[in-house]
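>>> return a 3D structure for these sequence lines:
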Amino acid sequence: MDAALQRFLAGRSADFSQTIEFGDGAHRLTLRGYLTTDTPPDQLVLAGRALVLRESEVLVVQNPEGEHVLPGGRREAGESPEDSARREVLEEAGWTLGDLEPFAALHLHYETPRPTNPVGRIIYPDFIWQVFRAAPLAHVPQSRQLGDWEQDAYFRPVTAMIDILEPYQRVLLETAAMDVS
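This next block holds a predicted model:
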């Protein structure tokens, strides 16, 4: 394990953990989530993601695999995790964001061999998604990148999403919604 990651995780216990798979099971990762406002090691942060809350609603993004509440994605060259989260939410959902509050660090560890044909940059075997909590500012639908992986974006009541989300997203949403109420 990378020394910077060891230092960041020292003395922490994961708040949740699960195995995730993609590529028809070709890629299996262990995801451990840490509810924290601490900044993870920049060199290990592959993506910035945002949990966007508006009163009792959450921003939902739909793709061919279903709905999720963590729009965001890989950082581009010279981009901070915050910049990545802002750009990706605008591209995926058409929303600009207010202040971003660091909320969680998701540590992902590949359990399978290094991908041979990755789409975009990867960090192997361990990387982090930094998750921010944010409120929407303005809807700019013309900024959405249509034809990309994401098919639609909309707000739904938090209560409607709790039972249908992946466990790690459920924990994040429940915690964020509890902090807001």
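>>> so residue 18 sits against residue 168, correct?
Yes: at 5.5 Å, residue 18 and residue 168 qualify as touching, with contact defined as Cβ atoms under 8 Å. Backbone N, C-alpha and C define where each C-beta goes, glycine included.
>>> of these two, who's got more company?
residue 168 (20 against 13; other Cβ atoms under 10 Å).
>>> where does that one sit: helix, strand or coil?
Under the three-state scheme (DSSP: H, G, I helix; E, B strand; the rest coil), residue 168 adopts helix.
>>> list the contacts for it?
Under the criterion of Cβ atoms under 8 Å, 6 or more residues apart in numbering, the neighbours of residue 168 are 16, 18, 20, 31, 33, 106.
>>> please apply the same query to residue 31.
Contacts of residue 31 (Cβ under 8 Å, 6+ apart): 17, 18, 19, 20, 106, 107, 108, 168.
>>> any chance of the contacts of residue 168 in a markdown table, plus pLDDT and secondary structure?
Compiled in a markdown table, the contacts of residue 168 are given as follows (pLDDT from 0 to 100; DSSP: H, G, I helix; E, B strand; the rest coil):
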| residue | pLDDT | secondary structure |
| --- | --- | --- |
| 16 | 97 | strand |
| 18 | 97 | strand |
| 20 | 94 | strand |
| 31 | 98 | strand |
| 33 | 98 | strand |
| 106 | 98 | strand |
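>>> in its sheet, which strands sit next to the helix or strand hosting residue 130, and in what direction?
Taking DSSP states H and E as the criterion, residue 130 maps to strand 126-134. As defined by DSSP bridges, the strand partners of strand 126-134 come to strand 45-54 (parallel), strand 101-110 (antiparallel).
>>> and the residue most central in space within the chain, how far from residue 179?
With distances taken as Cα atoms, centre = their mean, residue 49 lies nearest the centre of the chain, 3.6 Å away. Distance of residue 49 to residue 179, given as Cβ to Cβ, to the nearest Å: 17 Å.
>>> that older thread, what's the nearest residue to the residue nearest to the centre of the chain if we skip its chain neighbours?
Closest residue to residue 49 apart from its sequence neighbours, by Cβ to Cβ, 6 or more residues apart in numbering: residue 72 at 3.0 Å.
>>> any idea how far that neighbour is from residue 86?
For residue 72, the distance to residue 86 - Cβ to Cβ - is 9 Å.
>>> what of residue 2?
With Cβ to Cβ as the criterion, residue 2 and residue 86 are 26 Å apart.
>>> I appreciate the help and will end here.
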